[in-house]
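Student: pasting the sequence and the predicted coordinates here, then a few questions.
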Amino acid sequence: MRFAVVTIFPEIIEVYLKHGILGKAIKNGIIDVEVFNLRDFTEDRHKTVDDYPFGGGPGMVMKAQPFFKIYDFYIERFGKPYIVLTSPQGTVFDNKKAQELSQKEDVVFLCGRYEGIDERVMDIVDEELSIGDFVLSGGELAALVMMDATARFIKGVVEEESVKRESFMNDLLDHPVYTRPRNVRGKKVPEILLSGDHEKIEIWRRKESLKKTMLKRPDLFMKKENFDRFDKLALIELFKELTENAR
């Protein structure tokens, strides 16, 4: 899969791409990420990417021409990509959207700055996406968040079993996890995890996942429609636990 990011601060993106899961996936040739400096597609010697808004008002607006120019350049090289504009006005990005984007062959993120982008650029945008109801200085962080989350669904980037167990995959938050040593400041690892009984461990994990989701994100729990055998066994254990504590 190919990603591209269009920004006036390519260094922000490039530093992140050298590390972690994305860096490893790029090195292994599983994904390709290209970062474009929007200033390289301007039409004046000062490489101007913004101008005053028509009608007056505070701040500056990013010019349309550089975006159209890089769009034409990209299509000439690779064909039509799926264009995402990072925007607080967009649909809120979530795990489902990350899965959808991972099915695309070529995704380009446009990162805005200042007071926004000339509205005419929307002619080339396929989708506006937001990472939450707040405002950032620019779209670079949002693009990185979306790209990182999307890449996890691409085969070979992370282990398939890890993806299946991650939070939100089953409309549930992840269960608690522990590692060595067994005892840290008097707090011990739950004995069930040391038992070697894989079925009991799985039931415990599902129970803790259900409990955490119901307490912290009841909205997610309400979305869950399918309960498999382990979910049902976990709910029975959770009910027993609650009943015993109530006595």
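Tutor: Good, I have the coordinates.
Student: now the element after the helix or strand bottoming out on mean pLDDT in the chain, going C-ward?
Tutor: Within the chain, confidence by mean pLDDT, DSSP states H and E is lowest for helix 160-165 among all helices and strands, at a mean of 71. Once the chain leaves helix 160-165, the next helix or strand it forms, by DSSP states H and E, is strand 183-184.
Student: what is the mean pLDDT for that following strand?
Tutor: When pLDDT is averaged over strand 183-184, the result is 96.
Student: given that strand, what are its sheet partners and their directions?
Tutor: The strands beside strand 183-184 in its sheet (DSSP bridges) come out as strand 187-188 (antiparallel).
Student: average pLDDT for the strand it pairs with?
Tutor: So the average pLDDT for strand 187-188 ends up being 96.
Student: do the same with stretch 116-132
Tutor: Averaging pLDDT along stretch 116-132 gives 97.
Student: how about residues contacting it?
Tutor: Outside of stretch 116-132, the residues within contact range by CB atoms under 8 Å, 6 or more residues apart in numbering are 61-64, 67-68, 71, 82-93, 97, 110, 141-142, 145-146. C-beta: built from backbone N, CA, C; applies to glycine.
Student: got it, and stretch 10-17?
Tutor: Outside of stretch 10-17, the residues within contact range by CB under 8 Å, 6+ apart are 5, 7, 22-23, 26, 33, 35-37, 140-141, 143-144.
Student: how far away is residue 113 from residue 20?
Tutor: 25 Å (CB to CB, to the nearest Å).
Student: what about those two, which has more around it?
Tutor: Taking other CB atoms under 10 Å, residue 113 and residue 20 do not tie; residue 113 has more neighbours (21 against 11).
Student: select the longest strand from this structure.
Tutor: Among the segments of the chain that qualify as a strand by DSSP state E, the longest is strand 82-92.
Student: quick one: strands adjacent to that one?
Tutor: For strand 82-92, pairing defined by DSSP bridges yields strand 106-111 (parallel), strand 127-130 (parallel).
Student: put the alpha carbons of the last one into CSV.
Tutor: Once non-C-alpha atoms are left out, strand 127-130 reads as follows in CSV (Å, rounded to 0.1, in the frame of the first residue of the first chain):
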residue,chain,number,x,y,z
GLU,A,127,-13.2,12.5,2.3
GLU,A,128,-12.6,14.9,5.2
LEU,A,129,-11.5,13.1,8.4
SER,A,130,-11.0,14.4,12.0
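Student: what ranges do the helices span in the protein?
Tutor: Counting by DSSP state H, one finds helices in the chain at the ranges 10-16, 20-27, 64-78, 95-102, 140-151, 160-165, 198-216, 218-223, 229-246.
Student: of all those, which lies closest to residue 52?
Tutor: In this view, the helices of the chain are compared for proximity to residue 52 by CB to CB, and helix 64-78 is the closest at 14.1 Å.
Student: that closest one to strand 106-111, inter-axis angle?
Tutor: Put simply, helix 64-78 runs at 160 degrees to strand 106-111, going by axes from the mean of the first three to the mean of the last three CA atoms, to 10 degrees.
Student: now do the buried residues in helix 64-78.
Tutor: Of all the residues in helix 64-78, those buried under the rule 16 or more other CB atoms under 10 Å are 64-68, 70-71, 74.
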